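K.L.:
give the three-dimensional model of this entry:
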Amino acid sequence: MKRFMLLLAVMAITLLPLSAVAQGGIRVTGGGTGTFSADLDGDGDIDGSQFGMGVTIRADGSAQGHFLCLMAGRSDILGLPIMAVQGQVTEGSDNGDGSVTFSGSGTVNLGNGQIFTSVPFTVTVTPGDPEVGTLQLTVIGAFDDVPGDTVTGNGNYDLPIETVSSGRIEIH
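P.N.:
Okay, here's the model as predicted:
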């Protein structure tokens, strides 16, 4: 009997994400590297990032999961040793065009001793393998009008669309 109850508990935990999908939920998963196909900060390097995400969006627009975008080492930006945006996802939606947008709040680490907390962010992704999948990150309320910002004057850091270079993004 204990074995049976344990099996039921494991099955329930395993099927939780699937039940969210069956009830109109969406799962967004992926990781890899991306490229902006441009030198955003004028240092002579084509900029990009390493990224990872695991998000479940419920039919009511609430969401849970995590997002990470790291620009460091081979993908530096703005002359910073690190620019990392990572945080918990709390909302999301299906855009009806094959893309999904999710948002939340987290930390921004500039690698120079500056770490900002409780910073809102929004990410829009399209599924796909290299040269097909895309992501676009906006950091809300910070870094407006610094190199790479595509919409100046709105108080946000709106990065351009980034294309997957390695890895993939999946929307189920």
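K.L.:
any weak-confidence spans in this structure?
P.N.:
For the chain, applying pLDDT under 70 flags the ranges 1-24, 73-76, 78-79.
K.L.:
swap the cut-off to 90 and go again
P.N.:
1-24, 39-47, 71-83, 111-113, 146-148 (pLDDT under 90).
K.L.:
report the beta-bridge partner residues of residue 157.
P.N.:
residue 139 (DSSP bridges).
K.L.:
the helices in this structure, which residues?
P.N.:
2-22 (DSSP state H).
K.L.:
residue nearest the middle of it, spatially speaking?
P.N.:
residue 67 (4.3 Å; CA atoms, centre = their mean).
K.L.:
show me the beta-bridge partners of the closest residue to that residue other than its chain neighbours.
P.N.:
Closest residue to residue 67 apart from its sequence neighbours, by CB to CB, 6 or more residues apart in numbering: residue 53 at 4.8 Å. C-beta coordinates here come from the backbone N, C-alpha and C atoms, glycine included. Here residue 53 sits in beta bridges with residue 30, residue 67, as judged by DSSP bridges.
K.L.:
about what we covered before: ok, the residue nearest to the centre of the chain touching residue 103?
P.N.:
No: taking CB atoms under 8 Å as the definition, residue 67 is not a contact partner of residue 103, at 9.2 Å.
K.L.:
which stretches in this protein count as strands?
P.N.:
According to DSSP state E, the chain carries its strands in the segments 26-35, 48-57, 62-77, 80-94, 100-109, 115-126, 134-139, 157-158, 162-171.
K.L.:
quick one, which of the ones you listed is nearest to residue 42?
P.N.:
strand 62-77 (10.6 Å; CB to CB).
K.L.:
picking that back up, what residues are shared contacts of residue 67 and residue 103?
P.N.:
89, 121, 123 (CB atoms under 8 Å, 6 or more residues apart in numbering).
K.L.:
tell me the one among the residues you listed nearest to residue 133.
P.N.:
Closest to residue 133, out of all of the shared contacts of residue 67 and residue 103 and judged by CB to CB, is residue 123, at 12.4 Å.
K.L.:
got the contact list for that closest one?
P.N.:
53, 67, 69, 101-103, 135-138.
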